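Novice: give me the fold of what follows.
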Amino acid sequence: MDKRDLNLDLMVDTLKAAAEPSRLRILALLSRGDLTVSDLTSILGQSQPRVSRHLKLLFEANLINRYQEGSWAYFRLAESLVVGDIARILLDRLDVSDPLLERDIERLGSVKLQRRERAAAYFSANATSWDAIRSLHVPDGAVEAALTKIIGRTPFQAMLDVGTGTGRLLELFAPLYVRGVGIDINRDMLTIARSNLDRSGITNAQVRQGDVYSLPVDRESFDLVTVHQVLHFLDNPAEAIREAARALRAGGRMLIVDFAPHDLEFLRDSHAHIRLGFNDNQMRDWLTEAGLALENSIELEPKDKDKLTVKLWLARDPRLLIADPALTSRVTESV
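Specialist: Numbering: from 1, shown residues only. Alright, predicted model coming up:
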C-alpha cells in the first residue's frame with residue numbers, strides 16, 4: 001500500500017468526520033487561513049460549545065491541526081499528504097457560490113478586516129515611537145549586528161523590505177543594494193520611513209503603500225526580501241511568506257526576524273500582536289511550503305528574562321541562478 005493511502009476504516013472515519021454541513025463549512029474557512037474558536041463562532045453564528053465539538057471531531061480525524069499560543073488556540077487545515085489531501089479534494093469540489101458559503105466568506109472577510117484595522121490603529125497611534133517600542137523587546141544594536149552578520153557584505157542588485165515600518169532595514173543595508181523598496185500598509189509609517197531615508201541621504205530606496213498579502217512589486221525581481229517583526233501581527237503568516245517568496249529571484253534570500261514563542265499575553269491587547277512568537281519547525285514548514293530552503297537561524301536571548309527572545313531565519317530560493325551580465329555590471333559599479 002502506498003504511504004499516501006488510507007485503509008478502509010480510516011477512509012470511512014475521515015469521510016464521516018467531514019460529512020456534516022457545519023464541519024464542511026469549517027474546513028472551507030480554515031483553508032483560507034488560521035482561525036480561533038471565537039472567530040468561527042462569530043462567522044458560523046453558532047454557540048462556542050457546538051463549534052468546539054465540531055473542531056474536536058475534525059481534529060480527531062486529522063483533518064485539521066491545532067496549536068496553542070498563550071491562552072488562544074488556532075486551527076488550520078491539515079497539511080499532511082494523506083488526510084490533508086482528502087480535505088483539499090473535497091473543498092475543490094464545493095460550489096463557492098453556495099449562499100451559505102458566500103455568507104461565511106463575507107463574514108470571514110469582516111473578521112480579518114477587524115484584525116487589520118486594529119493593527120493599523122495601533123501603528124498610527126505609535127508611529128512616531130515605533131523604533132522605541134521595538135527596543136523594549138531586545139537591544140536594537142544586537143539585532144542589527146546579527147542582521148549584518150547573517151547577510152554578509154557582498155553587494156546585490158535589489159532588496160525588498162516587507163512591512164518596512166520606519167524604513168530602518170532599508171537604511172541598514174543601503175550600502176549593499178542598488179535598488180531598495182519598502183512596503184507598508186500604514187501611511188503614517190511610510191511618512192516616517194521617507195523622512196528617515198531623506199535624513200540619511202539614501203537615494204537608492206523608495207517606500208510605497210501595499211498589503212503583505214498582495215505585494216505591489218514584480219515577481220522574481222529581488223535578491224533579498226526581509227520581513228522584520230511583521231509576522232506576529234498577521235492572521236496568516238504562511239500566506240505572507242508565500243507572497244514574499246514570489247518576489248525572490250532564483251538563488252535569492254529571505255530573512256525573517258521575529259520573536260521566539262513566549263507567553264506575554266498583554267502584547268495581544270496592548271500591542272495588537274496576534275501571534276505569540278514562532279518556533280523553528282513552524283517557520284521551516286512555512287518556508288518549505290513557499291519553495292524556500294532554510295539555511296540558517298540565530299537566536300538572540302536578552303539578559304533581562306522579562307524581555308523577548310528574537311529569532312532570525314535565513315532561507316534561500318534553491319533554483320539555479322543564471323547570471324545576468326547587465327545586473328552583474330551594475331552591482332559591480334555600485335561597489
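
Novice: sketch out the low-pLDDT regions of the stretch 1-150 of the chain for me.
Specialist: Residue ranges of the stretch 1-150 of the chain with pLDDT under 70: 1-4, 69-70, 79-81, 115-116, 118-120, 122-123, 126-136.

Novice: okay, now residue 237: neighbour count?
Specialist: 24 (other C-beta atoms under 10 Å). C-betas here are computed from N, CA, C, even on glycine.

Novice: contact partners for the spatially closest residue to it that is not a sequence neighbour?
Specialist: Nearest residue to residue 237, sequence neighbours excluded (C-beta to C-beta, 6 or more residues apart in numbering): residue 231, at 4.2 Å. By C-beta atoms under 8 Å, 6 or more residues apart in numbering, residue 231 lies in contact with 237, 240, 241, 256, 258, 275, 278.

Novice: who are the contact partners of the first one?
Specialist: Yep, that's residue 237 we're talking about. Applying C-beta under 8 Å, 6+ apart, the residues near residue 237 are 231, 275, 278, 286.

Novice: which one of these is nearest to residue 295?
Specialist: Nearest to residue 295, judged by C-beta to C-beta, of the contacts of residue 237 is residue 286 at 14.8 Å.

Novice: thought residue 236 was touching that closest one, still the case?
Specialist: No: using C-beta atoms under 8 Å, residue 286 is not in contact with residue 236; the gap is 10.2 Å.

Novice: tell me the gap between the helix or strand residue 114 falls within and the middle of its chain.
Specialist: Element membership of residue 114 [criterion: DSSP states H and E] is helix 99-126. On the basis of C-alpha atoms, centre = their mean, to the nearest Å, helix 99-126 sits 16 Å off its chain's mean C-alpha point.

Novice: hmm, back to that, more neighbours: residue 286 and residue 236, which one.
Specialist: Neighbour totals were compared for residue 286 and residue 236, and residue 286 leads with 24 against 20 (other C-beta under 10 Å).

Novice: quick check, that one in a helix?
Specialist: Yes: with DSSP: H, G, I helix; E, B strand; the rest coil as the criterion, residue 286 is part of a helix.

Novice: please give me every residue in contact with it.
Specialist: By C-beta under 8 Å, 6+ apart, residue 286 lies in contact with 237, 238, 241.

Novice: could you dump those into TSV and include secondary structure?
Specialist: Converted to TSV, these look like this (three-state DSSP):
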residue	secondary structure
237	helix
238	helix
241	helix
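
Novice: the closest residue to residue 205 other than its chain neighbours: what's it in contact with?
Specialist: Closest residue in space to residue 205, ignoring its immediate chain neighbours: residue 180 at 3.4 Å, by C-beta to C-beta, 6+ apart. Applying C-beta under 8 Å, 6+ apart, we find residue 180 in contact with 158, 159, 160, 161, 170, 173, 174, 202, 204, 205, 206.

Novice: what residues of the helix or strand containing the last one count as buried?
Specialist: For residue 206, the enclosing helix or strand under DSSP H and E is strand 205-209. Judged by neighbour count (16 or more other C-beta atoms under 10 Å), strand 205-209 contains these buried residues: 205, 207.

Novice: direction included, what does it pair up with?
Specialist: Applying DSSP bridges to the sheet, strand 205-209 is found paired with strand 177-184 (parallel).

Novice: count the neighbours of residue 46 for me.
Specialist: 17.
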